[in-house]
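> Here you go, sequence then predicted model.
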Amino acid sequence: MLKVSFYSYKGGSGRSTTLWNTVHCLMNLVENGEKKWMPSVKNPYIIVDADIDSAGSTFLYKGDELFKQENDYLSVQARTKRPELTDFKSATDDVKRQYFGKMMSIGTSFGLPESENAAILLIGANLDKDKLTSMGVHTTDAGNEQESNLSLNITKNCRLCGAKAIFFDTPSGTQFFARWSIKQSDVVVCCMRPTSQFRTGTLGQLKEFLKLDQNHDNRRKYIITPTAVCTDPDQKFRLELEEEPFIYPQKAYKAIMERFYDGAAGNREIEDKYKESVVLDMLKIPDDVSDDQFVFGIPEVKRFKWQEACLGLIKEQCIEELNENDKLALERYELLANKIVYYGNK
């Protein structure tokens, strides 16, 4: 089972939208003439909204009211309260379907037909804060029991029931649910606006994650992914007020590369772990790209300022014509999907 977190040190990087667009590209990847990563009702994708305070994916797929009820659908928080006692390793297909049935079907949001709606499932967040307080659910610094319940009730049981992949839409920063999601994952997509706050904060948090990883000898990969990168021609900025203006994004790209290329220097063990674990592929520019097509990370998509969307689905269903910037963003989401498969299978 592929396990991926979409994380950012600060909020506002577009984690939920990046997840939506990248997952759509992943399910449509073609290898040797086949869509090997296409989910099915029997082997679904699971999206876990671990950002229980902001709940980007729960809102995005219109599940906010459903997960408040804790009736037909069990929220992330409800799954922290008690261990699942069913032995899914030897469970029947019917029992496994019942387990997946407590999740919200959202396949049509990714272009799947209604008959395949349950091929992509959401474990959403319960936004009823008063109810959660009375339940005793901790949202910031939970104990071992809550972490153990989450890992059993979500990650392990999804794997035993046949999920093809699981994706965590994490909170920002160092909250409990962010740390827990990353621990569950083989690949972490570090979404990051290319600002000084994001660059500094993301690098600092990476070092902390790598210290934790060092103690567990894992091979988790962190894919640095700048988002909302300006692609307007001839835009001029200064990195420092006294500097001469420069044309963005060439110098911005250089500044980010310099920051992250050797960002863990000063501690040999962490530096070795950094070079092994931190992936800069989304920053690299293909050799055949001309100066006027220069872009790194994922470009800013103007339509997302008003309404989140899945660009691949718009193209697939011929809903409307994508502009050149949209097409470029879609290409970069496709690249990110390829990188996730590559590093997730190593």
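Structure's in. What do you need?
> For the longest helix along the chain, buried residues please.
Using DSSP state H, we find that the single longest helix of the chain is helix 324-344. Going by neighbour count (16 or more other Cβ atoms under 10 Å), the buried part of helix 324-344 is 325-326, 328-330, 332-337, 339-341, 343-344. Glycine gets a C-beta too; all of them are placed from N, C-alpha and C.
> starting at the chain centroid, how far to that helix?
On the basis of Cα atoms, centre = their mean, to the nearest Å, helix 324-344 sits 13 Å off its chain's mean C-alpha point.
> I'd like the average pLDDT over it.
For helix 324-344, mean pLDDT is 94.
> just the CA coordinates of it, formatted as PDB?
Output of helix 324-344 as PDB, limited to C-alpha atoms (Å, rounded to 0.1, in the frame of the first residue of the first chain):
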ATOM      1  CA  GLU A 324      -1.300  27.800 -20.800                       C
ATOM      2  CA  ASN A 325      -0.600  28.300 -17.100                       C
ATOM      3  CA  ASP A 326      -3.100  25.600 -16.200                       C
ATOM      4  CA  LYS A 327      -1.600  23.200 -18.600                       C
ATOM      5  CA  LEU A 328       1.900  23.900 -17.200                       C
ATOM      6  CA  ALA A 329       0.600  23.300 -13.600                       C
ATOM      7  CA  LEU A 330      -1.100  20.000 -14.800                       C
ATOM      8  CA  GLU A 331       2.300  18.800 -16.200                       C
ATOM      9  CA  ARG A 332       3.900  19.500 -12.900                       C
ATOM     10  CA  TYR A 333       1.200  17.600 -11.000                       C
ATOM     11  CA  GLU A 334       1.900  14.700 -13.300                       C
ATOM     12  CA  LEU A 335       5.600  14.900 -12.600                       C
ATOM     13  CA  LEU A 336       4.900  14.900  -8.900                       C
ATOM     14  CA  ALA A 337       2.700  11.800  -9.200                       C
ATOM     15  CA  ASN A 338       5.500  10.100 -11.100                       C
ATOM     16  CA  LYS A 339       8.000  11.000  -8.300                       C
ATOM     17  CA  ILE A 340       5.600   9.700  -5.600                       C
ATOM     18  CA  VAL A 341       5.400   6.300  -7.400                       C
ATOM     19  CA  TYR A 342       9.100   6.200  -7.900                       C
ATOM     20  CA  TYR A 343      10.100   7.000  -4.300                       C
ATOM     21  CA  GLY A 344       7.200   5.200  -2.800                       C
END
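> helices and strands around it, which ones?
Packing partners of helix 324-344 (3 or more Cβ pairs under 8 Å, 6 or more residues apart in numbering; DSSP states H and E): strand 2-7, helix 15-27, strand 187-192, strand 221-226, helix 311-316.
> out of those, deepest packed?
strand 187-192 (a mean of 27; mean count of other Cβ atoms under 10 Å).
> Neighbouring strands - and their directions - for that strand?
Pairing partners of strand 187-192, with direction, according to DSSP bridges: strand 2-7 (parallel), strand 221-226 (parallel).
> quick one: Y7 and Q205, what's the gap?
9 Å (Cβ to Cβ, to the nearest Å).
> Show me the contact partners of stretch 199-210.
Contact partners of stretch 199-210, identified using Cβ atoms under 8 Å, 6 or more residues apart in numbering, comprise 8-10, 173-174, 182, 188, 190, 192, 222, 224, 255-256, 259-260, 263-264, 270, 273-274, 277-278.
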